[in-house]
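1. I would like to see how this sequence folds:
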Amino acid sequence: MSTGAAEGANFLAKLKRRDLVADGSMAFHFEKPASFVFTPGQFINMDLLSPAETDAEGDMRAFSVSSAPYEDTIVVTTRLRDTAFKRVLKTMPLETEVKIEGPFGDLRLHNDAKRAAVLLAGGIGITPFHSILLDAAKRKLPHHIFLFFSNNRPEDAPFLDELQLLEKRNANYKFIGTMTKMEESKTSWQGERGFINKEMLDKHLKNASSPIYYIAGPPGMVKALHAMLQAAGIDDDDIRTEEFTGY
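-> Okay, the predicted model is just below:
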């Protein structure tokens, strides 16, 4: 995810809460000014102010907003890699201020509700889609949405239970989870196994009308799925991508 140009707002926000949402992934809740408006799927830039430590990767990161616009905090969710930025974010006291710029980006749900949305997410790439899905359920959007969510194990999948339960709140939404390393898991799993591929898409998208595809996750996964869709004859105009680097 590249940092955006200076098109968004600039403000300070205090950390209010943090929650572990999967093994190695944490959600950070920051206060949200009344003036902050964003479209689900967009991202922000976050600067740490006078952090206790720093390294060559610097004190700024771009994060998708994983919360929905109707929620009263700005939530960013990230893998807890062993970098100075992530260590500070994980350990700084509540009420610590950060600088936020944004929102940026155009990974947003299309307007034509007659066309299905197919969301392809890997790991922490779920964050922009989490916002989109919460918003769609709350606003009762008519779009038919299919989420394919790939992780190594259920323990590694951020928001897994919530994303499954969301089917009860939105009859137009279908969750398809898949795990690639169940041999390393200590939990049971009744869903798909293996990487997202054309056969898996064909199996679950029989009733998808003129879908638009959205891909978010690690660069290798994004490139592989993009190439797979192109090979299947999907027009590039119907494919939107967001690469998550450094996670």
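2. Please name every helix or strand in contact with the longest strand along the chain.
-> For the chain, the longest strand by residue count, based on DSSP state E, is strand 9-22. In this structure, strand 9-22 packs against strand 25-31, strand 73-79, strand 97-104, with contacts taken as 3 or more C-beta pairs under 8 Å, 6 or more residues apart in numbering; DSSP states H and E. (C-beta placed from N, C-alpha, C; glycine too.)
3. tell me the angle of it relative to strand 73-79?
-> Strand 9-22 runs at 50 degrees relative to strand 73-79, counting by axes from the mean of the first three to the mean of the last three C-alpha atoms, to 10 degrees.
4. residues in contact with the nearest residue to residue 37 once chain neighbours are set aside?
-> Once flanking residues are discounted, residue 37 sits nearest to residue 69: 7.2 Å by C-beta to C-beta, 6 or more residues apart in numbering. Taking C-beta atoms under 8 Å, 6 or more residues apart in numbering as the contact definition, residue 69 lies against 37-40, 131, 135.
5. Out of those residues, list just those in helices.
-> In this view, these that belong to helices under DSSP state H are 131, 135.
6. closest to residue 181 among the contacts of residue 69?
-> Looking at the contacts of residue 69 and their distance to residue 181, the nearest is residue 131, at 26.9 Å (C-beta to C-beta).
7. picking that back up, deepest-packed of the helices and strands packed on strand 9-22, please.
-> strand 73-79 (a mean of 22; mean count of other C-beta atoms under 10 Å).
8. who's in contact with that strand?
-> Judged by C-beta under 8 Å, 6+ apart, the contacts made with strand 73-79 from elsewhere in the structure are 13, 16-17, 21, 24-32, 36, 44, 46, 61, 63-67, 86, 89, 100, 123-124, 127, 130, 158-159, 247.
9. try stretch 8-19
-> With C-beta under 8 Å, 6+ apart as the test, stretch 8-19 has contacts from 26-33, 35-36, 44, 49, 73-74, 90, 92-104.
10. same check, this time on stretch 181-196
-> With C-beta under 8 Å, 6+ apart as the test, stretch 181-196 has contacts from 120, 122, 148, 150, 152-155, 176-180, 200, 225.
11. in what helix or strand does the residue nearest the centre of the chain lie?
-> Of all residues in the chain, the one closest to the mean position by C-alpha atoms, centre = their mean is residue 127, 1.6 Å from it. Using DSSP states H and E, the secondary-structure element containing residue 127 is helix 126-139.
12. what about stretch 208-225, start to end distance?
-> 18 Å (C-alpha to C-alpha, to the nearest Å).
13. Surely residue 97 touches residue 49?
-> Yes - the pair residue 97 / residue 49 is scored as a contact, 6.0 Å apart, by C-beta atoms under 8 Å.
14. if we can go back for a sec, ok, now which ones touch the residue nearest to the centre of the chain?
-> When contacts are counted by C-beta under 8 Å, 6+ apart, residue 127 touches 63-66, 76-77, 158, 216.
15. swap the cut-off to 6 Å and go again
-> For residue 127, the contact set (C-beta atoms under 6 Å, 6 or more residues apart in numbering) comprises 64, 66, 77.
16. Tabulate those in CSV, adding columns for distance to residue 211.
-> Shown next, in CSV, are the contacts of residue 127 (distance: C-beta to C-beta, whole Å):
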residue, distance to residue 211
64, 22
66, 23
77, 26
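17. now, which of those residues sits nearest residue 233?
-> For the contacts of residue 127, the residue nearest residue 233 by C-beta to C-beta is residue 64; the value is 29.2 Å.
18. Give me the number of neighbouring residues for that closest one.
-> With neighbours defined by other C-beta atoms under 10 Å, the count for residue 64 comes to 29.
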